[in-house]
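here's my sequence, what's the structure:
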Amino acid sequence: MEIPRRNAMGQRQTINLGITDDERVWHFRSAWNVAALNCTAAQYDPILTAYSDYISKHQRTLGQVNERIDRAYRQQLGARRAGMLAREERMTAVYNFFALPPARARFCRAALDISNRYLLAPVDPIGFANENFALVEEPFELFFQEYEQYQRDSAAWDAKWGAMFGPSQPGWVAVQEARAKGIPVPTAGASDPSATLANPAATAGMVTDPETGVAVPVVPVQENFVSQPVVEPVASGQDGSTPR
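Residues are numbered from 1 along each chain as shown. Predicted structure coming up:
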């Protein structure tokens, strides 16, 4: 898949870059919403409990945040419907970002930690969102870094051993061939999350967010799945021709 690149300042160019204070709160709320829908194992029950309490107990404050964002979109685009459509498109990208399957195991653990701390004591909803926003982003940044390292390792393996043993990773080769032919590949945080699964035929379910009307992706993936690492062959013969 395509991984969001860094800009000249070293910042990852995701849907969360350059957002306003209100948008940061709403993106945090959206991330928590995705976790409540996608982290379904029994151990993650506190996520749904805490998220439901957060949006219920702080409905007025969150509603004011939502209205200010809507107003900003209307003012920027000059019409209510245009603003609504633009915001729906952006929120779809936000939900897709936080539903990215490869990062879900870490994301669920981060959401569980946030939820447990929320349930311990009353919080300021705005301050809590700001304090914990980096925590909901971190699992995705870690995945992006690991994926980029995989790309470097695979390319290095092919350069060193490809002529002798063939390509290191069929998936990697397929992506490079697709790019060379101008065929689009899934983009992390932008494409339908189901397209980033190992089996793209899997279809994500959708749940409508009652606040914005945006479809929230529900993606069934295995949390305990471990990818196969890139392995350098060890020659068994003196001529180095036979790997083992």
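
alpha carbons only for contacts and neighbour counts from here, please
Will do.

quick one: the helices in the chain?
Counting by DSSP state H, residue ranges of the helices within the chain are 21-38, 45-57, 59-77, 80-98, 104-120, 125-165, 170-180.

only alpha carbons, please: show the last one as PDB.
These are the backbone C-alpha positions of helix 170-180, laid out as PDB (Å, rounded to 0.1, in the frame of the first residue of the first chain):
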ATOM      1  CA  PRO A 170       5.700 -11.500  -4.000                       C
ATOM      2  CA  GLY A 171       3.500  -8.800  -2.600                       C
ATOM      3  CA  TRP A 172       6.300  -6.300  -2.700                       C
ATOM      4  CA  VAL A 173       7.100  -7.200  -6.300                       C
ATOM      5  CA  ALA A 174       3.400  -7.000  -7.300                       C
ATOM      6  CA  VAL A 175       3.200  -3.500  -5.800                       C
ATOM      7  CA  GLN A 176       6.300  -2.300  -7.600                       C
ATOM      8  CA  GLU A 177       5.000  -3.700 -10.900                       C
ATOM      9  CA  ALA A 178       1.600  -2.000 -10.300                       C
ATOM     10  CA  ARG A 179       3.300   1.300  -9.700                       C
ATOM     11  CA  ALA A 180       5.400   1.000 -12.800                       C
END
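
could I get the average pLDDT for it?
Averaging pLDDT along helix 170-180 yields 73.

for it, what is the distance to the chain centroid?
Going by CA atoms, centre = their mean, to the nearest Å, the spacing between the C-alpha centre of helix 170-180 and its chain's C-alpha centre is 22 Å.

by how many degrees do that helix and helix 125-165 diverge?
100 degrees (axes from the mean of the first three to the mean of the last three CA atoms, to 10 degrees).

again with the second one
When the same axes, to 10 degrees is applied, the directions of helix 45-57 and helix 125-165 differ by 140 degrees.
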